[in-house]
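Engineer: Model the structure of this input:
(2 chains)
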Amino acid sequence: MSDVIDREAPAAVLAPTPLLRHAIERACRRIAPVWPLKNFVAVNPFLGFSDRSFHATCAMLHRVARIDTLMPRAFYREAIRNGTIETADLAAALAAAPADWRLPTEAAELLKLADNDRIARKPPAVVATVAEVLNELAAGDRHVARTAFMTDEISRWCAAYFDEGQSVWRMPARGLRPYAAWRAWVRYDRNPEMMGIARFRALVADMPDDYVAAIATVIERLGIPARAVEDYLHQALLEIGGWAAYARYLMWNHELAGDRDDTLEQLLAIRVVWGYTLFAQRTDTAFREAWRRAMEQAALPPLDDQLGGDPDFCINMVLQEAYEIAFRRRLLDRLAGAPAARTAGARPAVQAAFCIDVRSEVYRRAMESVGDGVETVGFAGFFGFPIEFVPIGHVTGRAHCPVLLRPQFTVCEAVGGTSEEEDSEILVMRLLRRRVRKAWKSFKLSAVSSFIYVETAGLLFAGKILSDSLAVTRTVHDPNTDGLDDDLIGRLGPRIEPRPVGGRATGFDPAQRVAMAEAVLRAMSMTGPFARLVMLTGHGSTTVNNPHASGLDCGACGGHTGEANARVAAAILNDPDVRVALRQRGIDIPDDTVFLGCLHDTTTDVIRLFDIEQLPASHADDLRRLRALLAKATSLTRLERAALLGIARGAATEQQVVTRSRDWAQVRPEWGLAGNASFIAAPRARTRGIDLGGRSFLHDYDWQQDKDFGTLQLIMTAPMVVASWINLQYYGSTVNNAAFGAGNKVLHNVVGTLGVLEGNAGDLKVGLPWQSVHDGSRFVHEPLRLTVLIEAPLEAINGVIAKNDIVRELVDHHWLHLYAISPQGRVSHAYRGHLLWQQLEERSES
Amino acid sequence: MMTSSLWLAMSGPAALLAASLLPAIKPDLSHQAVNRMAAVASGVAGAAAFATAIGVATLGALHTPALAISGIGFGLYLDSVSATMFCLVSFIGAIVLRYSFTYMDGDPGQIRFIRLMCLTLAAVLTLAISGNLLQFTLAWSATSLALHRLLVFYAERPAAVIAARKKFLASRLGDLFLVAAMLLLYAAFGSLDYESMFSAAQAMRGQGAIPLGVQIAAVLMVFAGLLKSAQFPVHGWLIEVMETPTPVSALLHAGIINAGGFLVLRFTDVISLSLTSMDLLAVIGGFTALFGSVVMLTQTSIKVSLAWSTIAQMGFMMMECGLGAFAAALLHIVAHSLYKAHAFLSSGSVIDIARASWTPSPGGKPHPFRLIFSIAGVLLVTLLFSLLTGATPARQPGVFALGAVLLLGLIHLVANGIDERPNAYVVVRTLALAAVVAAAYFGLQLVAEQMFAGALPKTEALRGPLGIAIVALIVLSFATVTFLQGMVPRHATEPRWQALYVHVANGFYVNTITNRLVLHYWPGPAPTSVPVRLPIVLREHP
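Structural biologist: Residues are numbered from 1 along each chain as shown, chains lettered A, B, ... in the order given. Coordinates of the predicted model:
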């Protein structure tokens, strides 16, 4: 690289090499996707690093982006002080640590080290971007360095390009691919030049039209050493990490459908070209010298896999390990105290299947404790039905299944007990109301009419603001029932009858019904005896004015409530023809067994039962008993949750839980999945009667019924992976909310109706708000990698690990801790990587 | 009734001030205790406001004798204008405080937050019921200084600091104008007591000879008001103050930003003495209204687009003042405050609206001839309406411009009901909506005229050739914007429109230039205080 760049010469266009294409692709794959707020499912923020170990990833993020992925040492110190971590845990962590971590051999020494905050720490080699060097020269003031301006400008452009409906006058060029659309915008955009970035438009116009060639040109001009190209590109993406994550989401969707998508790569081109324009401003020696040094440093080889280079980092890492060991010790102690298994075989009074979501554990425990003969089951909340659910009046539906899957069936929403004519009347009315509402909205939001809107309708908000404040009304219509008559709302439900709608087959034909019914029952290990009432309970949340509301809904249903899936599953299992076919396949469901689709409201812990008008009269008593049981269980669950929500115990406790769900100012309506720490796939008998504190994903699994271990494979490749995603999302948002979380909820500003900004500008935020993991005085989520316990033969588990790359990466790279439960119900083996297991000592009863 | 009992109105701001200061004396108060005190204080303020309103409604305008030395000092002036503001701000204040109790729960600075909210509210309420220009000016500055501390509530956020610095500069400039106006008015009237000032001003109007000092003072007051209400070209700070919790935005946009308009309305007697100041209000207000509302169309985040909307609405309100439609302006302040407070507090619900809206549009593309249809429809309804009630916008020439804007708004509403495949239900519904809007508009204007008849001058007639030119300009430009907006969907991709889009989305770069100047002349590291560190405490193991 020459020291002086001829600023007048046009950019030499470089042909992109395959090596560069590869580096771009890999840098982009390091970014984890973020789903839009309308279905904000949990994502593992380290998804792009699953090909390397947890430790190496932490070291790498520390080195490349100076992102912390562990708690501050004070956190572990507190855990040692209050006895959460015992000396034995420290010793165990030390014993398990790799030899090259340069750690003390004795726990006592480690304790002493833990008492000090990090002392002298030599800065690790960092692959700097232009922005980094500029920030350093400006003593960290990103505004003076103009790097904050760059982020704001790219973010604002992305918001306009990806906008899903906030702006009325939308970006004209949004039909073009991102890089071309951006250049079309820049052609007229004088903003950077107004900020003092000279020749911005010319510099961008001189770049090649092809985005890969543009990246190649920038890399050449900046003189990035070949070794550091991938790290440089990754670091560049991290500076617009939120929008990069959104682009990664678009890419994810395309890939799920079998397409390729280069939105993220184009965004990367925009980011590096922007950085280059800042670079071109600075011909001063101070900058050029700093840049030369940065490039020299970037050429040094990385030390990601050898943490020994940074002893302080190693200490924190081993403290984290000790912290997790301490949690596991307590969990295993607790499980060892399980009451003796009840004798199976008798017909239960009622069966209730819940989602594996950790919030179900509390309710299931309550339900089992208040009624004799209650049997609960844990299963992924979409009940094995990957459906696209199309609400009335919509053309396309929403995928009600884990985001790892594509929906296989289309189910339309319909009003129960109506003729086809009535159906179309309802549909037409909803559409017409929507058109009127659209005209009114346009009146409200347009340039001139908005003044008249305020002068005529503004006063009405005196009443509205008061009633919203008192939680008498909801801020806006519930999106699910908007535009429908009140008397219809209670009669809405999924329609499973096969019927072509808009040229697409919807519903289920008889063969599909039988196949799905058998699959779900076997996967739940629910093959009899069946109770007279079997609840299939999905879950959803009730919150108001909460941009992240869908994040509290069912992740297994793709960030929607589980109502549709549960009702579809119940309806199919109630189909008499299905019952006959199932009997031929060895599952005998008695005629008096009725499946009920239900919805567990995780905010208020109320359970709604659907389609009970179809319940035969013979079951009226059962229903009455069930309702009484549920009322008691709801009460118990609320009391348990109230403690964590900081609601004082008293007469009004339950009412306060309900009030919270309607409060438009509430930033913590419920704790969601905070606290999640373990995943247990075993028969319920192993955990029944044990208080797991709402921190366990419980999946029922009986390996003796699983002939070819197909169900095991299903559990380990889907629910376990999803649980780990959720777990790592909470982990990331807890250890470093600035990098992996959504920041402070009271500053949230919804952008493009798809995400949030923190404040008025800056990058799109990913992950969970600070308020979702911290209650103001303490962390409600503990940053623990997921502990997975599976009751199955070791060979069977190994078989699944060997066959599935996703699973192998998770377990071999320590993104979760895997344990096996013996047929006697004891946690007997720990997975140590590469299909090797270590037998655990029998715990003495003391 | 003894006039001294009027001082009871001060119990509202006083209670809030006490709630703000008490925790300083007793630092060990829990946040629940502070919240309770704030709630009681806002209740007292609400009761005082209500009592004031009742008093004014039954007894007419009231004022305390000046507690002043040669006209400089303190006093209360309670009439329909100040009572309205008193009620409005204490109502919004109570709602916003109630919201904050829950919203800020768990924030390490929650006590400081509530205290600052109370302090700011106390200052705004003092401003509203003030009866002496000195008191007004002090409350005016106090409001801005208290607000400043709320704007940098998260002092570690650099963007918050930059925006607050911009606001600080604009506010001090405004203070300077107001103080200068105060001095000039004291020189002219010999008193800062409203009662004496207003009667002297009316006497002056009767004589027809307006001293230059008063004219300059009027213009300075107008500038102070425009600065306070974020009018072009000093609007930039308002669109960047979302770096502080949502309730601050709600209070700012619904309570504090009105102070500029309130200044103009309070001193209408003085300001309307100067035709220049009225013309300035009409022109700058009208321009800001269009500028803000056009930029709003392109904004992609909810809070920023609400902020642009506030700029526009304040502009419209200022324009109404400039056109002499003072009662309409006050009505606009009240209606906008309620609307905007709700809009900010419920801004998280925009996701629900997005979840409920479906694409593609069920009615197809907009109908090509929809403007013609809607103009015909609106004119028909207007005609019918004026035949029935005898009210026509033309009867009062001063509100001709506003009537025209109303018609434009209705045309827009009806046009949006006419899609490619028009449907009778939709068209009739939107026509009915338009009729309701028109009726509400005239009804509310009449009520406002009646209510504020004693406190605000009647809508003024046109004021000579320049006045006519301004009215014509306003009508023409509002009409142009309406029709241009209708053209956007069809022409958006043409190069000229693309360029316009980029310039508009950037707010015509005014704010960027201001930011650059602020960064240049007032640099320095943002975080003066250490970022607040939360205690790291584990969740208790069960």
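Engineer: How about the residues of the stretch 601-750 of chain A by chain B?
Structural biologist: A:663-668, A:675, A:691, A:693, A:744, A:746-750 (Cβ under 8 Å from any Cβ of the partner chain). (C-beta placed from N, C-alpha, C; glycine too.)
Engineer: Mind doing that once more with 10 Å?
Structural biologist: Contact residues, the stretch 601-750 of chain A versus chain B (Cβ under 10 Å from any Cβ of the partner chain): A:640, A:643-644, A:646, A:660, A:663-668, A:674-675, A:691-695, A:744-750.
Engineer: Following element in sequence after the helix or strand A:R77 falls within, please.
Structural biologist: Using DSSP states H and E, A:R77 sits in helix A:73-81. Next in sequence after helix A:73-81, counting helices and strands by DSSP H and E, comes helix A:87-96.
Engineer: which other helices and strands contact that following helix?
Structural biologist: Contacts defined by 3 or more Cβ pairs under 10 Å, 6 or more residues apart in numbering or on different chains; DSSP states H and E place helix A:87-96 against helix A:73-81, helix A:107-115, helix A:311-336.
Engineer: Now with 7 Å, please.
Structural biologist: helix A:107-115, helix A:311-336 (3 or more Cβ pairs under 7 Å, 6 or more residues apart in numbering or on different chains; DSSP states H and E).
Engineer: how is the chain carved up into domains?
Structural biologist: No chain specified, so I'll use chain A. Listed by automatic domain parsing, the domain ranges of chain A are A:1-333, A:350-417+A:491-540+A:557-663, A:686-839.
Engineer: that's the other chain; I wanted chain B
Structural biologist: When chain B is cut into domains by automatic domain parsing, you get B:7-60+B:77-129, B:153-347, B:361-491.
Engineer: can you tell which of these is closest to A:E613?
Structural biologist: domain B:361-491 (31.5 Å; Cβ to Cβ).
Engineer: tell me the mean pLDDT over the closest one?
Structural biologist: Across domain B:361-491, pLDDT averages out at 75.
Engineer: between the domains of chain A, which gets nearest to B:L220?
Structural biologist: domain A:1-333 (30.1 Å).
Engineer: what's the offset of the closest one from the middle of its chain?
Structural biologist: When C-alpha coordinates are averaged (Cα atoms, centre = their mean, to the nearest Å), domain A:1-333 and its chain have centres 20 Å apart.
Engineer: quick one on the thing from earlier: mind giving me TSV with the domains of chain A and columns for mean pLDDT?
Structural biologist: Conversion of the domains of chain A to TSV gives the following (pLDDT from 0 to 100):
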stretch	mean pLDDT
domain A:1-333	86
domain A:350-417+A:491-540+A:557-663	91
domain A:686-839	93
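Engineer: possible to save the ones you listed as TSV with mean neighbour count?
Structural biologist: Compiled in TSV, the domains of chain A are given as follows (neighbours: other Cβ atoms under 10 Å in any protein chain shown):
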stretch	mean neighbour count
domain A:1-333	19
domain A:350-417+A:491-540+A:557-663	20
domain A:686-839	21
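Engineer: before we move on, the earlier item: now the helices and strands packed on helix A:87-96 as CSV including distance to chain B?
Structural biologist: Shown next, in CSV, are those (distance: least, Cβ to the nearest Cβ, whole Å):
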stretch, distance to chain B
helix A:107-115, 14
helix A:311-336, 7
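Engineer: now those helices in a markdown table, with distance to A:Y246?
Structural biologist: Listed next are the helices and strands packed on helix A:87-96 as a markdown table, based on distance: least, Cβ to Cβ, whole Å:
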| stretch | distance to A:Y246 |
| --- | --- |
| helix A:107-115 | 39 |
| helix A:311-336 | 30 |
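Engineer: now for these, which one comes closest to A:A42?
Structural biologist: Of all these, helix A:311-336 comes closest under Cβ to Cβ, at 19.8 Å.
Engineer: Kind regards, and thank you for your time.
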